[in-house]
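*Asks:* structure of the sequence below:
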Amino acid sequence: MNLTTRILKVSYFFYTNAAKISVPKTWSFCKNKNMDSIPKWMLVFILWSCSFWAMGQKGFSVAASSHLGAVVKHSPELTFDTKGASVGAELNFKFQTFGKNEWEEWRKFPKFGVTVFWMRFGNESILGQAFAITPNLTISLFDKKKWSGHFQIGTGGGYLTKK
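*Replies:* Modelled structure (predicted):
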């Protein structure tokens, strides 16, 4: 059984059993009722995206990241309560360059990409959610056996559900 078949079977298992999967109550950021269970579509989409990455498509890759943070009361002007954690997810679709232009080889074959981003802030009734799409460029800074460094820059558009 190849890796893609295994991933698809695991994603089907999670899809059919997602109602039973929940985050442990002992985690402090799970006090928000919206964080008690993981949505089915999120599990399936992340595992499905991993299957594309595992296939090793030439010149194309998908990277998924998650974000966890908190809104900090840094000013007395913030009069609202910051309940729960800020959580987010990001999908980055990247295209590898292969040196068709001279500058691509000089910059160690950069990657062009588009990032789709979602963020839910701690107090959704006041702070809302954020959605963004950002084209970007990723440049390799160094490559070692076990370490690598990259610089990613991009600018794009976003939408906030609350003012």
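
*Asks:* what residues are bridge-paired with Gly88?
*Replies:* Gly88 forms beta bridges with His67, Met119, as assigned by DSSP bridges.

*Asks:* tell me who's in contact with it.
*Replies:* Residues near Gly88 by C-beta atoms under 8 Å, 6 or more residues apart in numbering: Ser66, His67, Leu68, Gly69, Phe117, Trp118, Met119, Arg120, Ala130. The way it works is simple: take the backbone N, C-alpha and C, and place the C-beta from them, glycine included.

*Asks:* same question, Lys73
*Replies:* Counting by C-beta under 8 Å, 6+ apart, Lys73 has contacts Thr82.

*Asks:* and it, what helix or strand is that in?
*Replies:* Per DSSP states H and E: Lys73 is located in neither a helix nor a strand.

*Asks:* which residues in the protein form helices?
*Replies:* Assigned by DSSP state H, the chain shows helices spanning 3-17, 40-55, 102-106, 124-127.

*Asks:* now, which of the contacts of Gly88 sits nearest Asn92?
*Replies:* Set against Asn92, the nearest of these by C-beta to C-beta is Phe117 (9.0 Å).

*Asks:* contact partners for that closest one?
*Replies:* Gly88, Ala89, Glu90, Ala130, Phe131, Ala132, Ile133, Thr134, Gly158.

*Asks:* can you redo the residues you listed as TSV with pLDDT and distance to Lys108?
*Replies:* Below are the contacts of Phe117 laid out as TSV (pLDDT from 0 to 100; distance: C-beta to C-beta, whole Å):
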residue	pLDDT	distance to Lys108
Gly88	91	29
Ala89	92	29
Glu90	91	23
Ala130	92	32
Phe131	95	32
Ala132	95	27
Ile133	96	26
Thr134	95	22
Gly158	94	30
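
*Asks:* can you tell me how far Leu78 sits from Ala132?
*Replies:* Computed with C-beta to C-beta, to the nearest Å, the distance linking Leu78 and Ala132 is 23 Å.
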